[in-house]
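Student: 3D model of this:
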Amino acid sequence: MISLTPTDVSVWLALAHGFLSFFSPCVLPLIPGFIGIVLGGQKRAQRLLGFFLGFSVIFSLLGGLSSFIGGFLAKYSGILEKIIGIGIIIFGILYVAEMQLFKGMKANVWKFKNAGFVGGLILGGAIGFVWIPCSSPILASILLIASQQNVIKGIWLLFIYSLGISIPFLTIGAGISKALTMGFGKSAWEKWVKYIGGAFMIILGVLIILGKMKV
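Tutor: Numbers count the residues shown, from 1 in each chain. From the prediction side, this is the model:
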């Protein structure tokens, strides 16, 4: 049976991974500029809706693909669960070590400043791709969790993940970004995010290996 309820632990894990991705040190300084493009200029409402859909579609497709691949390995679920736990621990260590799994991508997003819905859709997809290398260990971790689900659930989890990024991005993103990069100093907040985020992922991986958490 497919569980899409708020009480499902994997939903909360997906949301937590999204919030953690939002605070990725290489992305946070770019947020004021992105927000200026999304919410500035003309046709803001149309562009905002398109942005959210485009951004969410990128990660939802990744979730569906991960679940589709995981479906072929379902008969090895016991072993796969251990592999997923070990993988999440490794990604947690990589996150603390600031190691990216993918090469950084560049996207010229400024041309979408006055775009409408379609432009916002493309803009959301472009920013989604920009986010992938910066949050790669965190993204890889939630994709491993999604690989244990059916395709619909995988798409749902990565949609929730995108919400975890989008909600702070479109509400308090600019203020937080300016405060952390100008007020407290870059090195201080980077260390807190790394250590707390890395510890969260490592503990999660250990719990999955020990069978204390089903996702």
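Student: and the next element down the chain from the particular helix or strand that has residue 66 in it?
Tutor: In the assignment (DSSP states H and E), residue 66 maps to helix 44-71. Proceeding N to C from helix 44-71, the next assigned helix or strand is helix 77-96, under DSSP H and E.
Student: contact partners of that following helix?
Tutor: Residues from elsewhere that reach helix 77-96, judged by Cβ atoms under 8 Å, 6 or more residues apart in numbering: 70, 73, 101, 137-138, 140-141, 144-145, 147-148, 194-195, 197-202, 204-211. Any C-beta I mention is one placed from the backbone N, CA and C, and that applies to glycine too.
Student: from those residues, which ones fall inside helices?
Tutor: Filtering those for membership in helices, criterion DSSP state H, returns 70, 137-138, 140-141, 144-145, 194-195, 197-202, 204-209.
Student: Put the buried members of those into a PyMOL selection.
Tutor: Applied in PyMOL, the following selects the buried portion of the ones in helices among the contacts of helix 77-96 according to 16 or more other Cβ atoms under 10 Å:
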select buried, resi 70+137+138+140+141+144+145+194+197+198+200+201+202+204+205+206+208+209
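Student: burial measure for the residue lying closest to residue 54 once chain neighbours are set aside, as a count.
Tutor: Distance criterion Cβ to Cβ, 6 or more residues apart in numbering; nearest residue to residue 54, sequence neighbours excluded, is residue 124 at 2.7 Å. One way to gauge burial is a neighbour count; for residue 124, by other Cβ atoms under 10 Å, it gives 27.
Student: With residue 78 instead?
Tutor: A total of 8 residues lie near residue 78 under the criterion other Cβ under 10 Å.
Student: now it: how far from residue 169?
Tutor: Taking Cβ to Cβ, to the nearest Å as the measure, residue 78 and residue 169 are separated by 38 Å.
Student: what does residue 135 give?
Tutor: Counting by Cβ to Cβ, the gap between residue 135 and residue 169 amounts to 12 Å.
Student: And for residue 162?
Tutor: With the distance defined as Cβ to Cβ, residue 162 ends up 10 Å from residue 169.
Student: helix/strand/coil for residue 24?
Tutor: For residue 24, the assignment made with DSSP: H, G, I helix; E, B strand; the rest coil gives coil.
Student: is it true that it touches residue 138?
Tutor: Yes - shown here, residue 24 and residue 138 form a contact pair, counting by Cβ atoms under 8 Å, at 7.3 Å.
Student: In the protein, where is pLDDT below threshold?
Tutor: Scanning the chain for pLDDT under 70 picks out the ranges 1-7, 25-30, 33, 73-77, 99-113, 134, 172-190, 213-215.
Student: ok, 50 please
Tutor: Low-confidence segments of the chain (pLDDT under 50): 1-4.
Student: In three-state terms, label residue 42 for me.
Tutor: Residue 42 carries the three-state label coil when classified by three-state DSSP.
Student: I'd say it and residue 120 touch.
Tutor: No - proximity of residue 42 to residue 120 does not meet the contact threshold set by Cβ under 8 Å, at 11.7 Å.
Student: Good, wrapping up.
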